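Colleague: Pasting the sequence and the predicted model now:
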Amino acid sequence: MLFLSFGGPEGPEDVRPFLENVTRGRGVPPERLDEVAEHYLHFGGVSPINRLNRDMIKALETELADAGVELPVYFGNRNWHPVVEDTVARMAEDGVGRALVFATSAWGGYSGCKQYHEDIVRARESVGERAPDLVKLRQFFDHPEFVAANADAVRRALAALEPGQAERARLVFTAHSVPLKADDQPGADGRPQWYSRQVAEASRLVAEEAGIADYDVVWQSRSGPPQVPWLEPDIVDHIEALHGQGTPAVVVSPIGFVSDHLEVIWDLDNEAKDKAAELGMGFVRADTAGTDPRFAKMIVELAAEHLSGRPPRKLSLLAAAGCSTNGEPCAPGCCC
Ligand SMILES: CC1=C(CCC(=O)O)c2cc3nc(cc4[nH]c(cc5[nH]c(cc1n2)c(C)c5CCC(=O)O)c(CCC(=O)O)c4C)C(CCC(=O)O)=C3C
Ligand SMILES: [Fe+2]
């Protein structure tokens, strides 16, 4: 199995080259890069993402061993070391002919799915003839284990509010914003807004499982030039709006991400939290799903589901695409 992720810097000297890798050809203005570099430098230039991915891989290895499955797990990233090109080269040297790929995004759309297919194509091209076949597993936004892990995290967050706040607190789901144009590409069902509809559906399922009727879905970490429209509202603006309506506290569920990486510990635990504090609002950020034991269980299930040809275990009627071999488009009209 190849565990494929985003990657992050592991020291101050990594920050600039990492950001150059992330934004190459993506039209992100230099001012935005300077700002984001500051966020990383605030943590000594170290993103927790690589460590968190290694923790998830350990849990996955344990889960595989418990299930009696002998499957070595390799780790590769799009933007930083270990880069996926090197990992796939090592897999070829080890004689791997075919591997399942778990990408650390629950979603369809360009950044969450198609770009991982591009990573697979690039890595195989760089390795050449000996490259293993790489079969990416499907999107998991509505997988029962993913939903359950997030719902439990929401329950814990509500319980962590100040006494008396939980009854009047607002549940706010947040995911990475993307340009409206990127979200407007047709998905596997031929309809646009593939990513934002999946985020809406996952949020609905998590709220339902946590027993909460009212909630909002908002966006964070917008990038790109200011004149280009992205998904809105932004979480910080939304916290202000809630304050204007008299909401005393928020529970923020980072449904869009699987681990407490920099977009979570900076954009939520600093920016959004500071805004709430400034307004005198209660604020608790729910845990991401990656550290929940059910997350590793889900990965093993996705692999077993693929190998057995069993129908997918999923809670919504929205299609979950994203499964394809060697980065080929998975289905006509699919987001990939
Ligand atoms: C949908 C989505 C996910 C979720 C799906 C998934 O998880 O894959 C995600 C995850 C992540 N995004 C991350 C970091 C960054 N994203 C950036 C820029 C961008 N993200 C975008 C979208 C997404 N991003 C987009 C449309 C851009 C604009 C440039 C472009 O069109 O590509 C930039 C450049 C600077 C900036 O402008 O912010 C950085 C540094 C990290 C790692 C954090 C760490 O290091 O701990 C993670 C997990
Ligand atoms: Fe991003």
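Modeller: That came in fine, so what should we check first? Ligands and ions are numbered 1, 2, ... in the order given.
Colleague: How about the residues of this structure by ligand 1?
Modeller: For the chain, the residues in contact with ligand 1 (CB under 6 Å from any ligand atom) are 6, 8, 19, 22-23, 26, 28, 32, 36, 47, 49, 104-105, 107, 111-112, 176, 178, 221, 223-224, 256-257, 261-263. Where C-beta positions appear, they are placed from N, C-alpha and C, glycine not excepted.
Colleague: Just the buried subset of these, written out for PyMOL, thanks.
Modeller: Here is the PyMOL command that selects only those of the residues of the chain next to ligand 1 that count as buried (16 or more other CB atoms under 10 Å):
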select buried, resi 6+8+19+22+23+28+32+36+47+49+104+105+107+111+112+176+178+221+223+224+256+257+261+262+263
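Colleague: got the contact list for the closest residue to residue 147 other than its chain neighbours?
Modeller: Using CB to CB, 6 or more residues apart in numbering and skipping the chain neighbours, the partner closest in space to residue 147 is residue 205 (4.7 Å). Going by CB atoms under 8 Å, 6 or more residues apart in numbering, residue 205 touches 142, 147, 315, 316.
Colleague: ok, now with 10 Å
Modeller: Contacts for residue 205 were tallied using CB atoms under 10 Å, 6 or more residues apart in numbering; they are 141-144, 146-148, 150-151, 255, 314-316.
Colleague: Tabulate the residues you listed in JSON lines, adding columns for distance to residue 249, neighbour count and pLDDT.
Modeller: As requested, these are exported to JSON lines (distance: CB to CB, whole Å; neighbours: other CB atoms under 10 Å; pLDDT from 0 to 100):
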{"residue": "141", "distance to residue 249": "27", "neighbour count": "30", "pLDDT": "97"}
{"residue": "142", "distance to residue 249": "28", "neighbour count": "22", "pLDDT": "98"}
{"residue": "143", "distance to residue 249": "29", "neighbour count": "28", "pLDDT": "98"}
{"residue": "144", "distance to residue 249": "29", "neighbour count": "16", "pLDDT": "98"}
{"residue": "146", "distance to residue 249": "26", "neighbour count": "25", "pLDDT": "98"}
{"residue": "147", "distance to residue 249": "24", "neighbour count": "29", "pLDDT": "98"}
{"residue": "148", "distance to residue 249": "24", "neighbour count": "21", "pLDDT": "98"}
{"residue": "150", "distance to residue 249": "19", "neighbour count": "30", "pLDDT": "98"}
{"residue": "151", "distance to residue 249": "19", "neighbour count": "21", "pLDDT": "98"}
{"residue": "255", "distance to residue 249": "19", "neighbour count": "29", "pLDDT": "98"}
{"residue": "314", "distance to residue 249": "32", "neighbour count": "20", "pLDDT": "97"}
{"residue": "315", "distance to residue 249": "28", "neighbour count": "19", "pLDDT": "98"}
{"residue": "316", "distance to residue 249": "29", "neighbour count": "17", "pLDDT": "96"}
